[in-house]
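# prediction below, plus the sequence it came from.
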Amino acid sequence: MTTTLTRRTLSELAKELQLEFFLVSYTDLLGGTRAKLVPATKIATVETDGACFAPFASNLGLGPDAHDIAAVPDPEALVTVLPWQPNVGWVASDVYLDGEPFAAAPRVLFKQVLKQCQDLGYDFKTGVEAEFFLLKHQDGDYQLADARDTAVRPCYDQMNLMRQFDFISTIVGYLEQLGWEPYQCDHEDANGQFEINWTYSDALTTADRHVFFKYMVKTLAEQRGLTATFMPKPFSHLTGNGAHLHMSLWHEGRNAFAEPSDEMGLSSLAYEFLGGVLAHGRALSALCNPTVNSYRRLGATMTTSGSTWSPQYISYGGNNRTHMMRIPDAGRFECRLIDGSANLYLAQAGILAAGLEGMAKHFPAGQRLDENMFVRGLEFPNLQPLPTSLLEALQCLEQDDLLMQTLGEQGAKTFLEFKYQEWQKYKAEVTTWERSQYINC
């Protein structure tokens, strides 16, 4: 189950829920989940002062000489009881340095953008579609967990789905226990790939849940001798892992993106928000597709199923999955740019900041294209292509004043340093393909 801290201390919740330990958790700039396991008998001090960490040990841009950081449980967050370990409660925390929120910590950074949104009178609500592969490690490499999952077009395949019924149904049952209201799960477009959907919420809760969901899925896979991966493109011939984000703004309990008189059911405010996201699309790629491998997915041209399902241009359409932004229904957008490696705190911070600028400056969304962009994209030369490499995306981010301000001086500097290092390491590697292609030169 999940329960809020409001008006109750962690010590009180420990007694009420029979918890013996708390996982006090925070997320670093590269999306790594860091935690300390704290006995419930000692949680009172942690609730006020935080659990201390040596900051150099995680990716936050602080050196070995820096003061300890403190992960302080967010009093507005939900305590999540581990369904498979019900004497342990997981709680999302904010990072503090010298008694102040550390601005370069992703959750803190996202809360700053959310406050800007709330000061305008709006609540940002989102839901995420988390895709993952289920694999086994065999003969020194990763292979599909189900050797019989070989169909050319396996999407929604009933047999392949039901052979993993124990695993999938266990996750769904746990999500129901947690109160997330899961409503659909399916076999996705790639062999060995699955998706589980749960009900949308406020954007901070969605990000917290995404972090916990990845941890839970990986843990349950390990318990079965398997590996669950959210890697954007584990196999060159198969569709990659997205983390598509559905979004809307709400004002006083009403969806501010909804307008029944519009053809697509969207308000003028929604189109301006969309215009802002599109205007920053190339720079947003660095936050939504933050790894070298991300651009195997984003730039792919073909898979065995016949489609990559990932965008190549900064464009939007109606209920059309070939665009970066889709309008699946009245009153909301789906961003198809985000992949499974994204740090959802950073990705959502960037998207929200871009959308709010679009509203403030009345950005036009431009022309809706009701076309198959996988086939006809080249027919629209005025469309900007999305970056084709991590290097290109990072350069776009550096040139984007809004997103650099959103990350803040410390956050932007640290994120770019880590990511340029990643690119340099990638460039230095000689691949098996290169040896095969050029060994006889």
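Noted; the coordinates are in hand.
# C-alpha from now on. contacts and neighbour counts both.
Fine.
# now do the phi/psi pair for the spatially most central residue of the chain.
Closest to where the C-alpha atoms of the chain average out (Cα atoms, centre = their mean) is Leu344, at 3.5 Å. The phi/psi pair for Leu344 (degrees, to the nearest 10) reads phi -70, psi -20.
# spit out the contact partners of it.
The neighbours of Leu344, taking Cα atoms under 8 Å, 6 or more residues apart in numbering as the test, are 207, 210, 288.
# I'd like these as JSON lines, with secondary structure and pLDDT appended.
Below are the contacts of Leu344 laid out as JSON lines (DSSP: H, G, I helix; E, B strand; the rest coil; pLDDT from 0 to 100):
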{"residue": "Ala207", "secondary structure": "helix", "pLDDT": "98"}
{"residue": "His210", "secondary structure": "helix", "pLDDT": "98"}
{"residue": "Cys288", "secondary structure": "helix", "pLDDT": "98"}
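# most surrounded residue in these?
Neighbour counts for those peak at Cys288, which has 29 neighbours (criterion: other Cα atoms under 10 Å).
# touching, it and Ile351? I think so.
No. Counting by Cα atoms under 8 Å, Cys288 stays clear of Ile351, with 9.0 Å between them.
# state the distance from Val375 to Leu383.
Look at Val375 and Leu383: by Cα to Cα, to the nearest Å, they are 14 Å apart.
# quick one: which of those two has more around it?
Leu383 (13 against 10).
# what's the separation between the more buried one and Leu397?
For Leu383, the distance to Leu397 - Cα to Cα - is 19 Å.
# repeat that for His187.
Taking Cα to Cα, one finds His187 at 34 Å from Leu397.
# what residues are up against Phe333?
Taking Cα under 8 Å, 6+ apart, we find Phe333 in contact with 246-248, 325-327.
# hmm, try it at 6 Å
Each residue near Phe333 by Cα atoms under 6 Å, 6 or more residues apart in numbering is listed here: 246-247, 326-327.
# okay, and which of those residues map to helices?
When helices are assigned by DSSP state H, not one member of these lies inside them.
# could I get those residues as CSV with distance to Asp139, pLDDT and neighbour count?
Putting the contacts of Phe333 into CSV (distance: Cα to Cα, whole Å; pLDDT from 0 to 100; neighbours: other Cα atoms under 10 Å) gives the following:
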residue, distance to Asp139, pLDDT, neighbour count
His246, 39, 98, 20
Met247, 42, 98, 23
Arg326, 41, 97, 21
Ile327, 44, 97, 22
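# out of those residues, who's nearest Leu391?
For those, the closest approach to Leu391 (Cα to Cα) belongs to Arg326, at 26.3 Å.
# quick one: the contacts of Leu344 as CSV, columns for distance to Thr414 too.
Putting those into CSV (distance: Cα to Cα, whole Å) gives the following:
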residue, distance to Thr414
Ala207, 21
His210, 23
Cys288, 17
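# all helices of the chain, in order?
Using DSSP H, the helices of the chain run over residues 10-17, 43-49, 106-119, 158-162, 165-178, 203-223, 268-279, 281-288, 294-298, 344-361, 373-376, 390-398, 401-428, 432-438.
# quick check: buried residues in the third one?
So the one you mean is helix 106-119. Under the neighbour-count criterion of 16 or more other Cα atoms under 10 Å, helix 106-119 has 106-111, 113-114, 117 buried.
# okay, angle between it and helix 203-223 too, please.
Put simply, helix 106-119 runs at 150 degrees to helix 203-223, going by axes from the mean of the first three to the mean of the last three Cα atoms, to 10 degrees.
# repeat that for the fifth one.
Angle between the axes of helix 165-178 and helix 203-223 is 140 degrees (criterion: the same axes, to 10 degrees).
# distance from the chain centre to helix 165-178, please.
Relative to the centre of its chain, helix 165-178 is centred 21 Å away, using Cα atoms, centre = their mean, to the nearest Å.
# re earlier: pLDDT value on the residue nearest to the centre of the chain, please?
For Leu344, the pLDDT comes out at 98.
# check the gap between it and Gly31 for me.
According to Cα to Cα, Leu344 stands 8 Å off from Gly31.
# ditto for Ala286
Per Cα to Cα, Ala286 is found 13 Å from Gly31.
# ditto for Pro182
Here Pro182 is placed at a distance of 24 Å from Gly31 (Cα to Cα).
# what pLDDT, on average, does stretch 268-282 get?
In this model, stretch 268-282 has a mean pLDDT of 98.
# got the contact list for that stretch?
Counting by Cα under 6 Å, 6+ apart, 257, 351, 354-355, 357-359, 362-365, 386 sit against stretch 268-282.
# only the buried residues of the longest strand belonging to the chain, if you could.
Of all the segments of type strand in the chain, defined by DSSP state E, the longest one is strand 123-138. For strand 123-138, a neighbour-count test (16+ other Cα under 10 Å) marks 123-136 as buried.
# okay, now Tyr142: neighbour count?
Neighbour count for Tyr142, taken as other Cα under 10 Å: 15.
# nearest residue to it other than its sequence neighbours?
Nearest residue to Tyr142 in three dimensions, chain neighbours excluded: Lys136, at 5.7 Å (Cα to Cα, 6 or more residues apart in numbering).
# so how far is Phe167 from Gly89?
Distance from Gly89 to Phe167, by Cα to Cα: 22 Å.
# the more surrounded of the two?
In terms of neighbours (other Cα under 10 Å), Gly89 is the more surrounded of Gly89 and Phe167; the figures are 28 against 15.
# need the contact list for the more buried one.
Listed by Cα under 6 Å, 6+ apart, the contact set of Gly89 reads 22, 80-81.
# show me what it bridges to in the sheet.
Beta bridges link Gly89 to Phe22, Val81 when assigned by DSSP bridges.
# how far away is it from Ala70?
Distance, Gly89 to Ala70, using Cα to Cα: 18 Å.
# how's this protein carved up into domains?
Following automatic domain parsing, the chain resolves into domains at 2-102, 114-436.
# the residue nearest to Gly50 when sequence neighbours are not counted bridge partners, please.
Distance criterion Cα to Cα, 6+ apart; nearest residue to Gly50, sequence neighbours excluded, is Val72 at 4.1 Å. Beta bridges link Val72 to Asp94, judged by DSSP bridges.
# and Val72, what does it touch?
Neighbours of Val72 in contact, by Cα under 6 Å, 6+ apart: 50, 93-94.
# for Arg34, same thing?
By Cα under 6 Å, 6+ apart, the contact set of Arg34 is 25-26.
# make residue 1 into 43 and carry on from there
Will do, 43 is the new start, and the previous item becomes Arg76.
# per-residue pLDDT, it?
Turning to Arg76, the model gives it a pLDDT of 96.
# how far away is it from Asp443?
Taking Cα to Cα, one finds Arg76 at 30 Å from Asp443.
# what do you get for Gln437?
Separation of Gln437 from Asp443 (Cα to Cα) stands at 12 Å.
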